[in-house]
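Undergrad: here are the coordinates; sequence isn't available:
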């Protein structure tokens, strides 16, 4: 595929968006304060952003972040303080927290993430135990990249409460995205679970999430008087797909044609000299699995067996029957160190941005999925985010824009969560 590179001309559009946000900073912060009165912010949230030079938008929002170890030490210390403020505001008597980890704990970088998260909670003053949804009766000790061990305890259920290493939880914090479901016993306990089980990937839909984001983005766009397209991706969905049997292929092609047409119409109207493309990805799940890019709908009919296999399953070998098709947003940013393609990832606890980093991939182009083997991370300065949600803050204009879009993304997840919790009783897991 041939794509045009971002130009100074397209960069000018983003500069205008930066300046628009800065000039409306007071109104924006007051708007967020009022918005958070209506919704319960996710306890943890990471937002993958794309800055194309003419457009800034979230491309994914994760409620079970697995990169706390990529935050700087200062950001981790700040996150610990925010955890304390956020949890105490909701659960004043909380002393004991069970942190439930992913079962694929043999990934040493994930172990480092969970260790950092454990340390943040411990430094906030909570007695914290790491729990695993496992049939093993014995603790499991796994190694961090440094070689130091981390101990995980099997979960125990007693009288509608959860225990790990004989400690009863006052609050349960999930760092397991529940792609494979969850045991009935976990759904039966009365202890608060953050995020709620209804927000696990066995229930959640990216398409539904972006519907919520579209509404939030439009409200925000009305506030500062911009076209909401500048801060959101166009998207479609196909919900009866079998990549191996080619069932649903006509849906994929027709939706891709429509998206490419709509993107091209915008580009022509705004004189943006980029080639439109579409990202096709599984409607549920994380870790960058089940993702492909196309700039011609007929490419979907010409997938080889390897490509079909890659698209047919997502995390935990879950079959893909639904896909979301998103407007492709190239990244304008490159690493200062390696010059590889880069995208900002912003981390939030509650309604506050606590830090972030760049995901960098030296072997990927500006239009490709950077969440892939070979990526590395470069931390953003703590200074840029120290007062990210304060009306009187001073910071780089670009990073203020990042903090605004990340908060919009988190607000959309909060809206999605509110709707999910008022829906009929959730389906049990495995």
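TA: In hand now; what should we look at? Quick caveat, the model's predicted, so the values are computed rather than measured.
Undergrad: residue 109 sits in which helix or strand?
TA: helix 108-123 (DSSP states H and E).
Undergrad: residue ranges of the helices in this structure, please?
TA: If you assign secondary structure with DSSP state H, the helices in the chain sit at 8-23, 25-35, 73-90, 108-123, 184-188, 206-224, 249-270, 305-312, 397-421.
Undergrad: surely residue 345 meets residue 45?
TA: No: between residue 345 and residue 45 there is no contact under CB atoms under 8 Å: 10.9 Å. (Each C-beta comes from the backbone N, C-alpha and C, glycine too.)
Undergrad: what's around residue 190, how many residues?
TA: Under the neighbour criterion other CB atoms under 10 Å, residue 190 is assigned a count of 9.
Undergrad: so where's the stretch 1-150 of the chain uncertain?
TA: Applying pLDDT under 70 to the stretch 1-150 of the chain picks out residues 1-15, 104-105.
Undergrad: which of the helices of the chain sits most buried?
TA: Comparing the helices of the chain on average neighbours per residue, with mean count of other CB atoms under 10 Å, the densest one is helix 397-421 at a mean of 22.
Undergrad: helices or strands up against that one?
TA: Contacts defined by 3 or more CB pairs under 8 Å, 6 or more residues apart in numbering; DSSP states H and E place helix 397-421 against helix 8-23, helix 25-35, strand 44-51, strand 56-62, helix 206-224, strand 341-349, strand 352-361.
Undergrad: repeat that with 6 Å
TA: For helix 397-421, the contact count by 3 or more CB pairs under 6 Å, 6 or more residues apart in numbering; DSSP states H and E identifies helix 8-23, strand 44-51, strand 56-62, helix 206-224, strand 341-349 as packing neighbours.
Undergrad: tell me which residues are up against stretch 90-104.
TA: Contacts of stretch 90-104 from elsewhere in the structure, counted by CB atoms under 6 Å, 6 or more residues apart in numbering, are 87, 114, 121, 126-132, 162, 164, 167, 169-176.
Undergrad: returning to that earlier point: reformat the helices and strands packed on helix 397-421 as CSV; add distance to residue 71.
TA: As requested, those are arranged in CSV below (distance: least, CB to CB, whole Å):
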stretch, distance to residue 71
helix 8-23, 24
strand 44-51, 10
strand 56-62, 14
helix 206-224, 24
strand 341-349, 6
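Undergrad: just give me the neighbour total for residue 381.
TA: Neighbours of residue 381 under the rule other CB under 10 Å: 15.
Undergrad: oops, could you answer that again for residue 72 instead?
TA: The number of residues packed near residue 72 is 16, by other CB under 10 Å.
Undergrad: run the chain-centre distance for the helix holding residue 109.
TA: When C-alpha coordinates are averaged (CA atoms, centre = their mean, to the nearest Å), helix 108-123 and its chain have centres 18 Å apart.
Undergrad: picking that back up, for the helices and strands packed on helix 397-421, which one sits closest to residue 415?
TA: helix 206-224 (4.5 Å; CB to CB).
Undergrad: for the closest one, name the packing helices and strands.
TA: helix 397-421.
Undergrad: kindly recompute the last result at 10 Å.
TA: Contacts defined by 3 or more CB pairs under 10 Å, 6 or more residues apart in numbering; DSSP states H and E place helix 206-224 against helix 8-23, helix 25-35, strand 56-62, strand 235-238, strand 323-327, helix 397-421.
Undergrad: next, the angle from it to strand 56-62.
TA: Comparing the axes of helix 206-224 and strand 56-62 via axes from the mean of the first three to the mean of the last three CA atoms, to 10 degrees yields an angle of 140 degrees.
Undergrad: mean confidence for helix 206-224?
TA: The average pLDDT for helix 206-224 rounds to 97.
Undergrad: mind listing what's buried along stretch 36-54?
TA: 36, 39-54 (16 or more other CB atoms under 10 Å).
Undergrad: quick one: terminal-to-terminal distance for it?
TA: The first and last residues of stretch 36-54 sit 28 Å apart, counting by CA to CA, to the nearest Å.
Undergrad: could you do stretch 324-344 as well?
TA: Terminal residues of stretch 324-344 are spaced 22 Å apart (CA to CA).
Undergrad: equivalent analysis for stretch 102-114, please.
TA: Distance between the boundary residues of stretch 102-114 (CA to CA) amounts to 9 Å.
Undergrad: same check on stretch 188-202?
TA: For stretch 188-202, the first-to-last residue distance is 17 Å (CA to CA).
Undergrad: which one of the helices and strands packed on helix 206-224 lies closest to residue 279?
TA: The closest approach between residue 279 and any of those, judged by CB to CB, belongs to strand 323-327 at 4.6 Å.
Undergrad: re earlier: buried members of the contacts of stretch 90-104 into PyMOL, please.
TA: What follows is the PyMOL syntax for the buried subset of the contacts of stretch 90-104, where burial is set by 16+ other CB under 10 Å:
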select buried, resi 87+114+121+126+128+129+130+131+132+162+164+167+169+170+171+172+173+174+175+176
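Undergrad: just the ones of the contacts of stretch 90-104 in strands?
TA: Secondary structure defined by DSSP state E assigns 127-132, 162, 164, 167, 171-175 of the contacts of stretch 90-104 to strands.
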